[in-house]
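Q: sequence first, then the predicted structure, then my questions.
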Number of protein chains: 2
Amino acid sequence: MARPSDTKARIQEVARELFLRQGVTNTSLRQISERLGITKPALYYHFDSREALLRSVIQPLTDDLEAFAAARRPGPPEDLLADYFDLAWQHRDVLMMIVADLSILSELDLVGRMLSWRETLVTLLIGPTAPQRARIHATVAVGGLSDCIVEYAQLPAEDVKKAAVEAALAALHAGS
Amino acid sequence: MARPSDTKARIQEVARELFLRQGVTNTSLRQISERLGITKPALYYHFDSREALLRSVIQPLTDDLEAFAAARRPGPPEDLLADYFDLAWQHRDVLMMIVADLSILSELDLVGRMLSWRETLVTLLIGPTAPQRARIHATVAVGGLSDCIVEYAQLPAEDVKKAAVEAALAALHAGS
DNA sequence: GTCTATACCTAGATAGAC
DNA sequence: GTCTATCTAGGTATAGAC
């Protein structure tokens, strides 16, 4: 056991679990280390800082969002919204963690990237020259859709997806 | 000047300003006291704890939400959504503060009350017996509307209100 | 290469003098 | 009503033993 760097993976697992269950701010390095039966400073051998540890927990989500924004081409809004839903749904646990403590976005300098991903999605939905009214409609669509991910995380994915995407589409096309 | 308890009001002002500008978590009692030219323990004469101080900053919003939920009767969704928009818009600075650090909701035991207000609004919109699909539509509507308050807080209220309410209405009635 | 012991800082909070 | 002094708990980080 404990092939050399099992420990690093075990730290990530425990950190992820505690971050999810009791929030990022309310989880101390001491708790994590005690849970593992090692001392606090031992964590620093594997991670440069608490921030680096947190970053590693969030990375799967940011990687996927980055790839989505980079690879996506304009297309039918229903497909874009559905694919965005699927991506977010896959990472709904980490999303809930972030929503519960949005200050981690600024801590990790993720605010800009988040805005840029959202901007990309909105532009894919309504095009680059749309007026502000359409932009607000798109914000209701994307924002409302995202809220459903977190709010109905424990329901069957397909039910939530169908209803949420149709509502988002309606918001997008409001008054046209 | 400094009628005896000016100081309490001055503390609130400074705390509010710092909480808004740099976030609740990132604002210490030391910063607040230094800004006022008094010492940290002096704050404790006026407020029992940091939490009590934070609570007093948020209170105008919670009072208004409480009154809204208590007094409102079912009516046309466009009126309900418009009135809810107005109320939230009035308190958009405090709302941004909360959104930037949602963990303060659980710190102040406000999660339950928030859910209950939202529940009340949803029920006013779609009635008490509506199926889950309608409930999800309403969540997109209310969630998307709220997102716009925070995202477009610096634009003219009327422009945002018109576009956001019409998109929320469309989401609410999607597929019917 | 892996972890322990330890140092040091800042936070919120309290006691008691003035 | 405000101050000095101090406490405790937690945080990050380093030096060095094994």
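A: Structure's in. What do you need? This structure is a prediction, so every number in the text was calculated from the model and none was measured. Numbers count the residues shown, from 1 in each chain, chains lettered A, B, ... in the order given.

Q: so what pLDDT did A:R3 get?
A: You'll see A:R3 listed with a pLDDT of 45.

Q: got it, and A:D159?
A: Listed pLDDT for A:D159 reads 98.

Q: surely it touches B:R135?
A: No - in this structure A:D159 lies outside contact range of B:R135 using C-beta atoms under 8 Å: 10.9 Å. No exception for glycine: its C-beta is placed from N, CA and C like everyone else's.

Q: who has more neighbours, those two?
A: Neighbour totals were compared for A:D159 and B:R135, and B:R135 leads with 18 against 13 (other C-beta atoms under 10 Å in any protein chain shown).

Q: list the helices and strands the helix or strand encompassing that one packs on?
A: Taking DSSP states H and E as the definition, one finds B:R135 inside helix B:132-151. Helix B:132-151 sits against helix A:132-151, helix A:157-172, helix B:77-90, helix B:92-99, helix B:111-126, helix B:157-172, with contacts defined as 3 or more C-beta pairs under 8 Å, 6 or more residues apart in numbering or on different chains; DSSP states H and E.

Q: can you give me the buried ones in the first one?
A: Okay, so that is helix A:132-151. By neighbour count on 16 or more other C-beta atoms under 10 Å in any protein chain shown, the buried set for helix A:132-151 is A:133-149, A:151.

Q: for the last one, same thing?
A: Residues of helix B:157-172 classed as buried by neighbour count (16+ other C-beta under 10 Å): B:160-172.

Q: what residues are up against the most centrally placed residue in chain A?
A: Central residue of chain A (C-alpha atoms, centre = their mean): A:L95, 3.9 Å from the mean position. Contact analysis of A:L95 by C-beta atoms under 8 Å, 6 or more residues apart in numbering or on different chains lists A:61, A:88, A:146, A:149-150.

Q: with respect to A:N26, which of the residues you listed is nearest?
A: A:V150 (18.4 Å; C-beta to C-beta).

Q: quick one: contacts for the closest one?
A: By C-beta under 8 Å, 6+ apart, the contact set of A:V150 is A:92, A:95-96, A:99.

Q: need the per-residue pLDDT for it.
A: So A:V150 comes in at 95 (pLDDT).

Q: for DNA strand D, what's the nearest residue on chain A?
A: Closest residue of chain A to DNA strand D, C-beta to the nearest atom of the strand: A:S28 (1.8 Å).

Q: give me the distance between A:I98 and B:D83.
A: Counting by C-beta to C-beta, to the nearest Å, the separation of A:I98 from B:D83 is 31 Å.

Q: and the longest helix for chain A?
A: When chain A is parsed with DSSP state H, its longest helix is helix A:50-71.

Q: next one: it to chain centre, how far?
A: The chain centroid and the centroid of helix A:50-71 are separated by 8 Å under C-alpha atoms, centre = their mean, to the nearest Å.

Q: please see if the helix or strand of chain A with the lowest mean pLDDT touches chain B.
A: The weakest-scoring helix or strand in chain A, judged by mean pLDDT, DSSP states H and E, is helix A:103-107 (a mean of 87). Yes - looking at helix A:103-107 against chain B by C-beta under 8 Å from any C-beta of the partner chain, the contacts come from A:103, A:106.

Q: establish whether that helix and DNA strand D are in contact.
A: No - Helix A:103-107 stays clear of DNA strand D (C-beta under 7 Å from any atom of the strand), getting no nearer than 9.9 Å.

Q: picking that back up, quick one: which of A:I98 and B:D83 has more around it?
A: Neighbour totals were compared for A:I98 and B:D83, and A:I98 leads with 21 against 13 (other C-beta under 10 Å).

Q: correct me, but the more buried one touches A:I104?
A: Yes - between A:I98 and A:I104 there is a contact under C-beta under 8 Å: 6.3 Å.

Q: residues near the closest residue to A:M114 other than its chain neighbours, how many?
A: Distances taken as C-beta to C-beta, 6 or more residues apart in numbering or on different chains place A:L105 nearest to A:M114, at 6.2 Å, with adjacent residues excluded. When neighbours are counted by other C-beta under 10 Å, A:L105 registers 18.

Q: just the one 5 residues further on next, same as before
A: Applying other C-beta under 10 Å, we find 19 other residues in the vicinity of A:L110.

Q: do the same with A:T123
A: Using other C-beta under 10 Å: A:T123 sits among 15 other residues.

Q: which element is A:A153 on?
A: Using DSSP H and E, A:A153 is not contained in any helix or strand.

Q: tell me who's in contact with the nearest residue to it once chain neighbours are set aside.
A: Spatial nearest neighbour of A:A153, chain neighbours left out: A:R92 (4.7 Å); criterion: C-beta to C-beta, 6+ apart. Contacts for A:R92 (C-beta under 8 Å, 6+ apart) come out as A:149-150, A:153.

Q: wait, which of these is closest to B:I32?
A: Nearest to B:I32 among the contacts of A:R92 is A:V150, at 32.3 Å by C-beta to C-beta.

Q: list the contacts of the nearest residue to A:R72 once chain neighbours are set aside.
A: Distance criterion C-beta to C-beta, 6+ apart; nearest residue to A:R72, sequence neighbours excluded, is A:L124 at 5.9 Å. For A:L124, the contact set (C-beta under 8 Å, 6+ apart) comprises A:72-75, A:80.

Q: ok, now with 6 Å
A: Applying C-beta atoms under 6 Å, 6 or more residues apart in numbering or on different chains to A:L124 gives the contacts A:72, A:74, A:80.

Q: A:A9 - how many residues pack around it?
A: Using other C-beta under 10 Å, A:A9 is surrounded by 11 other residues.
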